[in-house]
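In: prediction below, plus the sequence it came from.
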Amino acid sequence: MVVKTHNKGREVLGLEVGASNAKRYFSKEASVIELELDHLRIQCGLQPEFWNGQPEIRDPRLCAWLKLKNFNGKVGDSPVPLAMIPAGPNSFRLQPIALRGHHPRTPHQPGRPPLNAA
């Protein structure tokens, strides 16, 4: 599913999940979900507002990770779309979405052979 950062001015407040994603991918019985942020796993609580018209995930650790990622200076300027991939019951992996023709991180620079090349 595609989610986006929730910003207030230049401050990142969390993730906007969207009402249709909330209904489709989240269990109403779950009060906590697990997020995989690179090598970090955190548990985030789902507030009652999540089910009442404000499907957002807010957590200081999530916000710190989003700020750290920076996404080419876009976090805080406007919402940044991210992929939130189911990784088990009430568990999701969060990762940047590669823009068409642009990869967030290139494993090696063009013109340089990979390390394992003969």
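Out: Ah, there it is.

In: for the chain, which segments count as strands?
Out: In the chain, strands defined by DSSP state E lie at 2-8, 11-16, 32-37, 40-45, 56-57, 81-88, 91-96, listed in chain order.

In: and the second one, which strands flank it?
Out: As defined by DSSP bridges, the strand partners of strand 11-16 come to strand 2-8 (antiparallel), strand 56-57 (antiparallel).

In: of those, which stretch is the most buried?
Out: Among those, judged by mean count of other Cβ atoms under 10 Å, the one packed with the most neighbours on average is strand 56-57 (a mean of 20). C-beta coordinates here come from the backbone N, C-alpha and C atoms, glycine included.

In: low-confidence ranges, this protein, go.
Out: Counting by pLDDT under 70, the chain contains low-confidence ranges at 70-77, 99-118.

In: counting by contacts, list what the lengthiest helix in it packs against.
Out: For the chain, the helix with the greatest residue count under DSSP state H is helix 60-69. Under the contact definition 3 or more Cβ pairs under 8 Å, 6 or more residues apart in numbering; DSSP states H and E, helix 60-69 sits against strand 11-16, strand 32-37, strand 40-45.

In: who wins for proximity to Asn90 among the ones you listed?
Out: strand 32-37 (4.8 Å; Cβ to Cβ).

In: and the closest one with strand 40-45, angle?
Out: With axes from the mean of the first three to the mean of the last three Cα atoms, to 10 degrees as the criterion, the two stretches strand 32-37 and strand 40-45 enclose an angle of 150 degrees.

In: who's in contact with Val3?
Out: Remark: with contacts taken as Cβ atoms under 8 Å, 6 or more residues apart in numbering, Val3 is in contact with 15-18, 21, 81-84, 94.
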